[in-house]
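# turn this into a structure:
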Amino acid sequence: MMWMEEGLYVRIQELENGPRPFPLQSGFNAETAYRAIGCFNASESSDAFYILSNDRNEIWFICNRHLRTVAINNGTKDLRYRLEKITAH
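Numbers count the residues shown, from 1 in each chain. I've put the predicted structure just below:
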């Protein structure tokens, strides 16, 4: 099952022994909020994989266990922005 969320932003909190791919080794960083382009959940797994664009503009499926919510912001179409932008409000 796949769905698209409008404006959901997540941050990376990589689990040491979490599922691959490891986001911090795959072009993501912990200081950026990433827009969830979509989400895929295979029926045989309890994990969901969020579709994100990394800092190199590559598309990756990242396990939800490596992600934490930041905000829902429908006012922008940016794929990513620095977390300090959110905390400065």
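# show me where this protein has its strands.
For the chain, the strands defined by DSSP state E occupy 2-3, 8-12, 32-35, 38-40, 49-53, 59-63, 67-72, 80-82.
# JSON lines for those strands, including mean pLDDT and mean neighbour count?
Bear in mind the C-beta positions are built from the backbone N, C-alpha and C, glycine included. Below are these laid out as JSON lines (pLDDT from 0 to 100; neighbours: other C-beta atoms under 10 Å):
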{"stretch": "strand 2-3", "mean pLDDT": "70", "mean neighbour count": "10"}
{"stretch": "strand 8-12", "mean pLDDT": "96", "mean neighbour count": "21"}
{"stretch": "strand 32-35", "mean pLDDT": "97", "mean neighbour count": "23"}
{"stretch": "strand 38-40", "mean pLDDT": "90", "mean neighbour count": "15"}
{"stretch": "strand 49-53", "mean pLDDT": "95", "mean neighbour count": "21"}
{"stretch": "strand 59-63", "mean pLDDT": "96", "mean neighbour count": "17"}
{"stretch": "strand 67-72", "mean pLDDT": "95", "mean neighbour count": "15"}
{"stretch": "strand 80-82", "mean pLDDT": "93", "mean neighbour count": "15"}
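# next, format those as TSV and append distance to Pro21.
TSV is the format used below for the strands of the chain (distance: least, C-beta to C-beta, whole Å):
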stretch	distance to Pro21
strand 2-3	19
strand 8-12	11
strand 32-35	14
strand 38-40	14
strand 49-53	10
strand 59-63	7
strand 67-72	13
strand 80-82	17
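# nearest to Pro19, of those strands?
strand 59-63 (4.4 Å; C-beta to C-beta).
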